[in-house]
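let's see this in three dimensions:
(one chain, ligands or ions: 1)
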Amino acid sequence: MNLRWLVLKILDAIEFEGIFVHEAIERFTAESDLSKQDRAFIKKVVFGTIEQQIRIDYVINQFSKIKVNQMKPAVRLTLRLSVYQLLYMENIPDSAVCNEAVKLIKKRKMLRLTGFVNGVLRAIIRQKDSIQWPSKDDILTFFSVKYSFEPDIIQLLLEDYDKDVVENFLSVSNEQAPLTIRVQKTNITKQGLIDALEKEGVDVSEGRYIDDALHIGQIDKINLLDSFNQGYFQVQDESSMMVADVGFEDGMTTIIDLCAAPGGKTMHLADKLEGKGQVFAFDISDKKLDRVRENYTRLGLTNISEKINDATVLNQAYIGIADLIVADLPCSGLGIIRKKPDIKWHITVDRIKSLKKLQQDILEVAKNYVKPGGVLVFSTCTVTKTENQDNVDWFLDRNKDFELEPIQKNYSDPKTGMVSMMPISNGPDGFFIAKFRKKCENVKY
Ligand SMILES: C[S@@+](CC[C@H](N)C(=O)[O-])C[C@H]1O[C@@H](n2cnc3c(N)ncnc32)[C@H](O)[C@@H]1O
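The predicted structure is shown next:
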């Protein structure tokens, strides 16, 4: 099996079919008998090539007369995956990278272009220590090339945050995220899970903010772990666990998770209900809800009912019934780029504007399902003020029957009473949470 050939096919599918990185890797590696090391290599090169695309293209363009966007797709992708290895994988000899690239071009039957590819790569190998990088005087181009982000997105972030904060965000977004799991308390205690994982040879350490969170070592195939199949845990980032940690209160019985798939927060809330009460898990399509079903079946949870429901359309059956509404809304996802690097290339300023409109449409409907005294939690896995704080102001302005309840946790911002977290190195993803309570004199959980 030629691993780089598989990488090329995966990159090709991502670029021309528009599928997500994880989906593409899964499609081309699931059925094959690749070793753990082979899969790790493929994942590293695919993730890295996507993540560092702007920087890689910048380097190629310095050494090639034909610019990247004028190249034949197979040549462009072969050069990108090769330059990633040259710049970021020191353990691979430069000559091997070059020879393998030429083999790929031959395999694609582009014999006339082998000399070109070989020439560009050899030039980069010779001069990679003297590449001319953009000057810091032009901070947008400098950050864009250094961290491989679109200048428009950097500009948007610079309008919201200080330069140092933005630079840290860009840098951490290119790191590997920790693998975090949540103890499924209905099935096992935390210590019981730690013991079970260690018995299976998995490295375990405590999470940073949430008691039920554990970090585990990177695992090739999690579904081969007995503790996973026994439903002892759910893979979930710590920032995502904060939603139930903030929203759930003793005495609650009826919860609606309006945008639930794949179900991370639904499972956590059903766990907090200790198998009692009801979590209504809504999402836009049955295919999305399949993931929710898979999760609750494996975890053995019976207090979840899933249903196709468009969150922008008021559903009369649920008006005023919920103790807690979770509106974990579709967003630009800038807080989770470490896990989904292709977000870098899908998100635009216009898309963020249209997401804001969708978020407001959903919040306008969501408020109707809350009981007097009940809670509406609004969350996103992004860091733009447009999608977060602006929506909070907009919501409070229009809905005087709701108030912002300050979140008092060791991970919330004491000034705003909200959670607005940038991704943290070896820690949680970037995330935002605001908690609204529907006013009522007598009822409070
Ligand atoms: C951020 S994800 C939710 C993640 C989920 N809460 C979890 O913790 O696993 C946003 C979800 O919103 C769903 N969605 C998008 N538009 C929707 C709509 N109009 N109505 C309901 N769900 C929608 C998407 O299908 C997606 O599953």
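
quick one, domains of the protein?
As assigned by automatic domain parsing, the chain contains the domains 3-130, 139-172, 179-235, 239-438.

need the winner for burial among these.
Sort those by mean neighbour count, taking mean count of other Cβ atoms under 10 Å, and domain 239-438 sits at the top with a mean of 19. The way it works is simple: take the backbone N, C-alpha and C, and place the C-beta from them, glycine included.

residue 91 should be in a helix, yeah?
No: in this structure, residue 91 is coil, not part of a helix, as judged by DSSP: H, G, I helix; E, B strand; the rest coil.

ok, it to residue 129 distance?
Using Cβ to Cβ, to the nearest Å, one obtains 18 Å as the distance from residue 91 to residue 129.

so where do the strands sit in the chain?
Ranges of strands within the chain are 179-183, 204-206, 213-216, 233-235, 254-257, 278-283, 304-308, 322-328, 370-380, 402-404, 419-421, 431-438, based on DSSP state E.

output stretch 76-94 as CSV, restricted to C-alpha atoms.
Listed next in CSV are the C-alpha coordinates belonging to stretch 76-94 (Å, rounded to 0.1, in the frame of the first residue of the first chain):
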residue,chain,number,x,y,z
ARG,A,76,-0.6,21.0,-6.8
LEU,A,77,-1.7,18.4,-4.3
THR,A,78,1.4,16.3,-4.7
LEU,A,79,3.6,19.4,-4.1
ARG,A,80,1.5,20.4,-1.1
LEU,A,81,1.7,17.0,0.6
SER,A,82,5.4,16.8,-0.1
VAL,A,83,6.3,20.3,1.0
TYR,A,84,4.4,19.6,4.3
GLN,A,85,6.7,16.7,4.9
LEU,A,86,9.8,18.7,4.0
LEU,A,87,8.8,21.6,6.4
TYR,A,88,7.2,19.7,9.3
MET,A,89,8.4,16.1,9.3
GLU,A,90,12.1,16.1,10.1
ASN,A,91,12.3,12.3,10.5
ILE,A,92,11.6,11.8,6.8
PRO,A,93,14.7,12.2,4.5
ASP,A,94,14.2,15.0,2.0
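
where does the prediction get shaky in the protein?
441-445 (pLDDT under 70).

quick one, which of the strands of the chain gets closest to the ligand.
Between the ligand and these, the tightest spacing by Cβ to the nearest ligand atom is seen for strand 322-328, at 3.7 Å.

that closest one - contacts with which helices or strands?
helix 238-247, strand 254-257, helix 264-272, helix 349-366, strand 370-380 (3 or more Cβ pairs under 8 Å, 6 or more residues apart in numbering; DSSP states H and E).

output the contacting helices and strands for the second one.
Right, strand 254-257. Against strand 254-257 (3+ Cβ pairs under 8 Å, 6+ apart) you get helix 264-272, strand 278-283, strand 322-328.

that one: how far from the chain's middle?
23 Å (Cα atoms, centre = their mean, to the nearest Å).

what do you get for the first one?
Here helix 238-247 is found 15 Å from its chain centre; the criterion is Cα atoms, centre = their mean.

in the stretch 101-250 of the chain, what residue comes closest to the ligand?
Taking Cβ to the nearest ligand atom, the stretch 101-250 of the chain has residue 240 as its residue nearest the ligand, at 5.5 Å.

ok, what's across the strand from the nearest residue to residue 190 once chain neighbours are set aside?
Using Cβ to Cβ, 6 or more residues apart in numbering and skipping residues adjacent in sequence, the residue nearest residue 190 is residue 183, 4.8 Å away. Beta-bridge partners of residue 183, counted by DSSP bridges, are residue 233.

can you pull the contacts of residue 183?
Contacts were defined as Cβ atoms under 8 Å, 6 or more residues apart in numbering; by that measure residue 183 touches 189, 190, 193, 212, 214, 232, 233.

would you list these in a markdown table and tack on distance to residue 379?
Below are these laid out as a markdown table (distance: Cβ to Cβ, whole Å):
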| residue | distance to residue 379 |
| --- | --- |
| 189 | 28 |
| 190 | 24 |
| 193 | 26 |
| 212 | 18 |
| 214 | 22 |
| 232 | 26 |
| 233 | 22 |
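
out of these, which comes closest to residue 164?
residue 214 (31.2 Å; Cβ to Cβ).

what bridges to the closest one?
residue 181, residue 206.

and it, what is it in contact with?
With contact set as Cβ under 8 Å, 6+ apart, residue 214 has these partners: 180-183, 190, 193-194, 197, 204-207, 233.

please save the CA atoms from stretch 373-387 in CSV.
As requested, the backbone C-alpha atoms of stretch 373-387 are provided in CSV (Å, rounded to 0.1, in the frame of the first residue of the first chain):
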residue,chain,number,x,y,z
GLY,A,373,-38.3,30.4,36.0
GLY,A,374,-36.6,28.1,33.5
VAL,A,375,-33.3,28.4,31.7
LEU,A,376,-32.2,29.0,28.1
VAL,A,377,-28.5,28.2,27.5
PHE,A,378,-27.1,29.7,24.3
SER,A,379,-23.7,28.3,23.2
THR,A,380,-21.4,28.1,20.2
CYS,A,381,-18.0,26.6,19.5
THR,A,382,-16.7,29.9,18.0
VAL,A,383,-15.0,33.0,19.2
THR,A,384,-16.4,35.8,17.0
LYS,A,385,-18.2,38.6,18.9
THR,A,386,-20.6,38.8,16.0
GLU,A,387,-21.9,35.3,16.7
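
run through who's touching stretch 102-112.
By Cβ under 8 Å, 6+ apart, the list of residues contacting stretch 102-112 reads 2, 4, 5, 8, 72, 74, 75, 78, 113, 114, 117, 118.

biggest separation within those, which pair?
Applying Cβ to Cβ across the contacts of stretch 102-112, the maximum distance is between 2 and 72, 19.6 Å.

stretch 287-299 and the ligand, are they touching?
Yes: judged by Cβ under 6 Å from any ligand atom, stretch 287-299 and the ligand are in contact via residue 288.
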